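Engineer: Fold the following, please.
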Amino acid sequence: MGRVVGIDLGTTSSAIAVVRGGEVIVITTSEGKRLPSVVGFGRNGERLTGRAAIEQGATNPENTVYGVKRLLGRPAGDAEAGGTSTSFSSLRSGPRGDARVYIPVAGKLFSPPEIAAHILSRLRDEAEAYLGEAVREVVISVPAYFGEPQRQALKNAATIAGLTVRQIINEPTAVALSYGSGQSHTSTVMVVDLGGGSYDVSILDIREGQITVRATSGDTHLGGTEWDSLIAGWIAATFLRRYGIDLRRQPTAWQRVYEAAEDAKIALSTDEETVIDLPFLAASADGPRHLHLTLTRRQFEQMAASLLERLAAPVESVLADAGLAPSALDAVLLVGGATRMPMVRRQIEMLTGQTAEIPPQPDQAVVAGAALQAGALAGEVEEVRLRDVTPLTLGLETVGGMMSPLIPRNTPVPVSRSQVFSTAEDGATAVEICVLQGERPMAADNETLGILRLEGIPAAPRGIPQIEVTFTIDENGLLRVAARELLSGAGQTVFLAATTSLTAQEVRQMVQEAERCAAQDLVQRNLVEARTAARQVLYLVERNLQRANGEIPPPLAERVMRQVRALQQALAGPDATRIRHLTAEVQQASSAISSLILLEHTRPSEREQ
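Structural biologist: Numbering: from 1, shown residues only. Below is the predicted model of the structure:
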């Protein structure tokens, strides 16, 4: 069996991991253990991911996509899509009312799976470079509260990236796998996962060789980005009061504000106050306008009171659904970057009455669990039996516009449930079965996953035909719907795709497009990475020359300046190999200058000796 890897596709950053020799290895990409989940379209048509996309986004925000995970499987009018505040690009409606991203430089709409595929492809490339072999199969994690459309959209993204999804695993379950690996005792654990874009709470029983999810709940529009938005809004409001300039209407300035807000949030997780310094943020008739603010942790927590309140409902819901008092929990685990905020930890401890644990390397807990499951599927580690649950109720629309549930939320999966219905009109020879997902009693208030049309029903008075509808959910949380008329045997079975999903033809076209662009994208990425490294070396050599204060031998100084000029000229060209070669030369020269500076600083002490 081939290599299977685990992927954590996050709202703000992503990771990939593999099991080798029985141990989980989180692969260090060229940008570290976590790759920013950002995709940029350069003005020359190149497609960039990660840090390179962020850097070009400073001057090209309208062609830069952030937080695409929140758009997966969402209709264009969905508040969750419209509220994706980290995306500076334009959101529009696709052919079936699905949310899509308009990229001006390309002059076209891109589906969220198409954008997400760039991130998955980059992770795959990094893994292949590390492993020295092809990677084609993955276990990929999703928020437990992801519904059917979001799971299918993620599967489409993997297909476009040239990957086969062996299993979709819920993020809290992945955390439990990582946490419970090697444990021999039984424990009941609450996993609280507050990441960049979603909030999940699950209660799991961990026994040797088996993990059973008892209940799950969450909020797919509550994450660290909401806290970022609070600070960004405060900065913008302050600037508007001072100078009468609305930064939200200036994409480049707003991106700087948003990045500063995230930095401030992170700083306040350890410090009592932080300084937000944004020079030359905007311009007015009176000249450039700068911003210098101090934000205290106390102010930040007061701003976030309403967000903290939203943490409560999912915690209370899973305890009620699992039939447990907080005292019955053996541990409360906090994972996801946003749980590092003291206010979040304090709130969860207040809700559960227990001390919350942050496992080692909490940002890697999800991808480590996905990798362990991948290793189990590949036969590299001992298999752990997973018993997950469906996060939302599934049902269908019946007479009067009501929703008739077939599979209630928190039902263990895989599962299959059937129910018999009949026609609502005399002589009907066909019926449309509207499949729904949600918790509301009226069909219109829930999400329509799709419509299955059953034809060939013998004409008869209403109420006579017996139509058996069966919902089957597989281990990935994907839904299959079957309908048959019991007297005639007429029937139809489909893996139901959401009304906002890509068609099979669209997926095939996107796979072909990704294959055509793969070589070009790799060339562009290498060029961007070479330029980034070169600029860093130029900065270091310039700093060393300043520290030397003219006290280096003229031949060395002349050689360094020649090499610097050559590298600066090469930066304007497309030759990544030449840029890397010249960067290495300048790096050597910079090291020589550093050695001279160090020698100069140590000579007085040597003479004293």
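Engineer: gap between the residue lying closest to residue 445 once chain neighbours are set aside and residue 180?
Structural biologist: Distance criterion Cβ to Cβ, 6 or more residues apart in numbering; nearest residue to residue 445, sequence neighbours excluded, is residue 438 at 6.8 Å. (Each C-beta comes from the backbone N, C-alpha and C, glycine too.) According to Cβ to Cβ, to the nearest Å, residue 438 and residue 180 sit 31 Å apart.
Engineer: Those two: which has the busier surroundings?
Structural biologist: More crowded of residue 438 and residue 180, by other Cβ atoms under 10 Å: residue 180, with 24 against 20.
Engineer: roughly how far apart are the more buried one and residue 26?
Structural biologist: Distance from residue 180 to residue 26, by Cβ to Cβ: 18 Å.
Engineer: likewise residue 56?
Structural biologist: Residue 56 is 27 Å from residue 26, by Cβ to Cβ.
Engineer: is it true that residue 18 touches residue 370?
Structural biologist: No: using Cβ atoms under 8 Å as the test, residue 18 is too far from residue 370 to be in contact (10.1 Å).
Engineer: Pull up the overlap in contacts between those two.
Structural biologist: residue 6 (Cβ atoms under 8 Å, 6 or more residues apart in numbering).
Engineer: When those two are compared, which one has more neighbours?
Structural biologist: Using other Cβ under 10 Å, the more surrounded residue of residue 18 and residue 370 is residue 370, with 33 against 23.
Engineer: these two touch, right, the more buried one and residue 165?
Structural biologist: No: the pair residue 370 and residue 165 fails to qualify as a contact (Cβ under 8 Å) at a distance of 11.2 Å.
Engineer: Give the residues shared as contacts by these two.
Structural biologist: 139-140.
Engineer: quick one: residue 329 and residue 191 touch, right?
Structural biologist: No: counting by Cβ under 8 Å, residue 191 is not a contact partner of residue 329; they are 10.5 Å apart.
Engineer: Now the common contact residues for those two.
Structural biologist: residue 203.
Engineer: For the two, work out which one has more neighbours and name it.
Structural biologist: More crowded of residue 329 and residue 191, by other Cβ under 10 Å: residue 191, with 30 against 19.
Engineer: How about the secondary structure of that one?
Structural biologist: strand (DSSP: H, G, I helix; E, B strand; the rest coil).
Engineer: same check, this time on residue 179
Structural biologist: Here residue 179 is helix, with the state taken from three-state DSSP.
Engineer: residues in contact with it?
Structural biologist: 189, 191, 206, 333, 359, 365.
Engineer: any idea how far stretch 538-557 is from the chain center?
Structural biologist: 43 Å (Cα atoms, centre = their mean, to the nearest Å).
Engineer: list the buried ones in that stretch?
Structural biologist: 538, 540-541, 544-545, 548, 552, 557 (16 or more other Cβ atoms under 10 Å).
Engineer: Please apply the same query to stretch 435-451.
Structural biologist: For stretch 435-451, a neighbour-count test (16+ other Cβ under 10 Å) marks 435-438, 443, 446-450 as buried.
Engineer: Endpoint to endpoint, that stretch covers what distance?
Structural biologist: Criterion Cα to Cα, to the nearest Å; first-to-last residue distance in stretch 435-451 is 6 Å.
Engineer: So what's the gap between it and the chain middle?
Structural biologist: Centroid separation for stretch 435-451 versus its chain: 26 Å, with Cα atoms, centre = their mean.
Engineer: swap in stretch 580-591?
Structural biologist: When distances are taken as Cα atoms, centre = their mean, stretch 580-591 is centred 37 Å away from the chain's centroid.
Engineer: Same check on stretch 99-112?
Structural biologist: How far stretch 99-112 lies from its chain's middle: 19 Å, per Cα atoms, centre = their mean.
Engineer: From one end of it to the other, what's the distance?
Structural biologist: 7 Å.
Engineer: Please apply the same query to stretch 354-364.
Structural biologist: Start-to-end span of stretch 354-364 (Cα to Cα) is 23 Å.
Engineer: Contact partners for residue 459?
Structural biologist: Contacts for residue 459 (Cβ under 8 Å, 6+ apart) come out as 427-429.
Engineer: Just the buried residues of those.
Structural biologist: Here, 16+ other Cβ under 10 Å leaves residue 428 buried among those.
Engineer: any idea which of the contacts of residue 459 is closest to residue 12?
Structural biologist: Nearest to residue 12 among those is residue 428, at 50.3 Å by Cβ to Cβ.
Engineer: what's the pLDDT at the closest residue to residue 594 other than its chain neighbours?
Structural biologist: Excluding its sequence neighbours, the residue lying closest to residue 594 (Cβ to Cβ, 6+ apart) is residue 544, at 5.7 Å. Note for residue 544: predicted pLDDT of 73.
Engineer: Then the one 5 residues further on?
Structural biologist: According to the per-residue confidence, residue 549 scores 64 in pLDDT.
Engineer: now residue 608
Structural biologist: So, for residue 608, pLDDT stands at 40.
Engineer: same check, this time on residue 603
Structural biologist: Looking at residue 603, its pLDDT is 51.
Engineer: ok, now residue 78?
Structural biologist: Predicted confidence (pLDDT) for residue 78: 66.
Engineer: do residue 507 as well
Structural biologist: 63.
Engineer: Show me the helices in the stretch 351-500 of the chain, by range?
Structural biologist: Taking DSSP state H, counting those that start in this stretch as the criterion, the stretch 351-500 of the chain contains helices spanning 365-377.
Engineer: What ranges in it fall below the confidence cut-off?
Structural biologist: 492-500 (pLDDT under 70).
Engineer: rerun that using 90 as the cut-off
Structural biologist: Flagging of the stretch 351-500 of the chain using pLDDT under 90 yields the residue ranges 357-365, 376-394, 397-404, 409-414, 419, 421-467, 473-500.
Engineer: Can you give me the neighbour number for residue 186?
Structural biologist: So residue 186, with other Cβ under 10 Å, has 12 neighbours.
Engineer: ugh, typo on my part, it should be residue 592
Structural biologist: 16.
Engineer: For it, give me the pLDDT.
Structural biologist: For residue 592, the model assigns a pLDDT of 74.
Engineer: about what we covered before: of all the buried residues of stretch 435-451, which comes closest to residue 287?
Structural biologist: Of those, the one sitting nearest to residue 287 (Cβ to Cβ) turns out to be residue 447, at 51.2 Å.
Engineer: What are the boundaries of the helices in the stretch 501-609 of the chain?
Structural biologist: 504-548, 554-571, 576-608.
Engineer: Residue 73 versus residue 96, what's the distance?
Structural biologist: Taken as Cβ to Cβ, the span from residue 96 to residue 73 is 12 Å.
Engineer: Looking at the two, which one has more neighbours?
Structural biologist: residue 73 (28 against 14).
Engineer: ok, residue 140 to residue 188 distance?
Structural biologist: Taken as Cβ to Cβ, the span from residue 140 to residue 188 is 27 Å.
Engineer: more crowded one of these two?
Structural biologist: residue 140 (28 against 17).
Engineer: what about the more buried one, which helix or strand?
Structural biologist: Residue 140 belongs to strand 137-142 when assigned by DSSP states H and E.
Engineer: So which elements touch the helix or strand just after that strand?
Structural biologist: Sequence-wise, the next helix or strand beyond strand 137-142 is helix 148-160, with elements assigned using DSSP H and E. If contacts are counted by 3 or more Cβ pairs under 8 Å, 6 or more residues apart in numbering; DSSP states H and E, helix 148-160 sits against helix 112-131, strand 137-142, strand 164-170, strand 447-455, helix 504-548.
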